[in-house]
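1. coords below, sequence missing:
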């Protein structure tokens, strides 16, 4: 008798397997969710609620991991991990509805479980409409082409510092199939010093003015300065890519709200000058999710709704941190926002392959493919033409992979 472990990531695949063995179709809605095992982590749950959740999960055939002090009553709250199938966790949420709404914070726990399952397994359709553009981000992966108008960027510093060279680069990336062009004037490589507003404006505004009206895709400005963002938008930019997630310049919120343009919020520990000086995390993905979640709430409080999140590969992250983010990128789905990932030519690729910046194309494409499979809606790259091909191929595979919808 031969047995095999099924690789099931979609409800449709589970139904197909059930159909293949002749199972009763009336049971499909019950049996299909039981194909999916889930480890769902929650933060700072009150101790009585932890005990209730533990017992409920055991009664449903699942389990829950809690701090050992919970069992002895020596702590007021604990993080916990619920372990079960989608069906068991869904039933848990239903059981929690039977408890008084305010008892031990169980209503908030129930909402957290329900939202996490919905965002992870049935994510919303992401449509980003702004100005004359409409990006259907759930339909296929979008490729963001990088144009650094800088003398000192780690990968292409000095190549596109002159306006005409930058212009030609933009047109080439458009021809190569880019969906967005991201133009920046300040290097944010590890150890970089801040640039003055005047110099950043001098580098990027003429380029944006000269190309925005001549191409049919949106231009993004890579800046954390409100003055640069405002003038770039007035020159024709349609997005803002802010590595500080609106923390470095409080006036950035006013610019975004006034012009109603999308913003990319990136996670970064520290600043470019010191971000790579021994970055330490106690809970890498938890901290990234919490940070981006807080920034989303902040933006919403200021009337800014068109948001994209970026985990910040290489920004305050060590080698292992970057690999972990790529492996566990799907955890960002609980934020309910499109995800951008930028790995292009970065040092962790050089670390793995032992190659200099100029020889990291294959590594970049491999990490881009991994990011797409684990949840990225946009990839930010220097080499657009091969990235477009990789994205198209991986998109065709995603229909049978974990996080395709």
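-> Yep, that arrived. Model, not experiment: these values are computed from the prediction. Numbers count the residues shown, from 1 in each chain.
2. tell me how many other residues crowd residue 171.
-> 14 (other C-beta atoms under 10 Å). (Glycine included, C-beta is placed from N, CA and C.)
3. wait, doesn't residue 352 sit right on residue 363?
-> Yes: between residue 352 and residue 363 there is a contact at 6.6 Å, judged by C-beta atoms under 8 Å.
4. more neighbours, these two?
-> Taking neighbours as other C-beta under 10 Å, residue 352 and residue 363 compare with residue 363 leading, 20 against 15.
5. give the closest residue to that one in space, chain neighbours not counted.
-> residue 349 (3.7 Å; C-beta to C-beta, 6 or more residues apart in numbering).
6. does the one you found sit in a helix or strand, and which one?
-> Using DSSP states H and E, residue 349 falls within helix 347-353.
7. tell me what that helix is packed against?
-> Based on contacts counted as 3 or more C-beta pairs under 8 Å, 6 or more residues apart in numbering; DSSP states H and E, the elements that helix 347-353 packs against are helix 319-327, helix 361-373.
8. got a list of contacts for the first one?
-> With C-beta atoms under 8 Å, 6 or more residues apart in numbering as the test, helix 319-327 has contacts from 279, 281, 284-285, 288, 311, 313-314, 317, 341, 343, 346-348, 351, 367, 370-371, 374.
9. mind listing what's buried in that helix?
-> By neighbour count on 16 or more other C-beta atoms under 10 Å, the buried set for helix 319-327 is 321-326.
10. ditto for the last one
-> Within helix 361-373, the residues that qualify as buried are 361, 363-373, counting by 16+ other C-beta under 10 Å.
11. for stretch 284-296, same thing?
-> 284-285, 288-289, 291-293, 295-296.
12. one step back: could I get the buried residues of helix 361-373 as TSV with pLDDT?
-> Putting those into TSV (pLDDT from 0 to 100) gives the following:
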residue	pLDDT
361	97
363	98
364	98
365	98
366	98
367	98
368	98
369	98
370	97
371	97
372	97
373	94
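13. looking at those, spot the one nearest residue 192.
-> For these, the minimum distance to residue 192 (C-beta to C-beta) is 20.7 Å, reached by residue 364.
14. okay, the residue nearest to that closest one when sequence neighbours are not counted: pLDDT?
-> Leaving aside its chain neighbours, residue 364 sits nearest to residue 344 (5.0 Å; criterion: C-beta to C-beta, 6+ apart). pLDDT, residue 344: 97.
15. I'd say residue 344 and residue 386 touch.
-> No: assessed by C-beta under 8 Å, residue 344 is found out of contact with residue 386, at 11.1 Å.
16. more crowded one of the two?
-> residue 344 (27 against 16).
17. for that one, which residues are in contact?
-> 146, 155, 364, 368, 380-383.
18. now do 7 Å
-> 146, 364, 380-382 (C-beta atoms under 7 Å, 6 or more residues apart in numbering).
19. what about it, distance to residue 338?
-> In this view, residue 344 and residue 338 are 18 Å apart by C-beta to C-beta, to the nearest Å.
20. now the strands for this structure?
-> 37-46, 63-66, 77-85, 127-130, 133-136, 142-148, 180-184, 219-222, 239-242, 263-266, 307-310, 340-341, 378-381 (DSSP state E).
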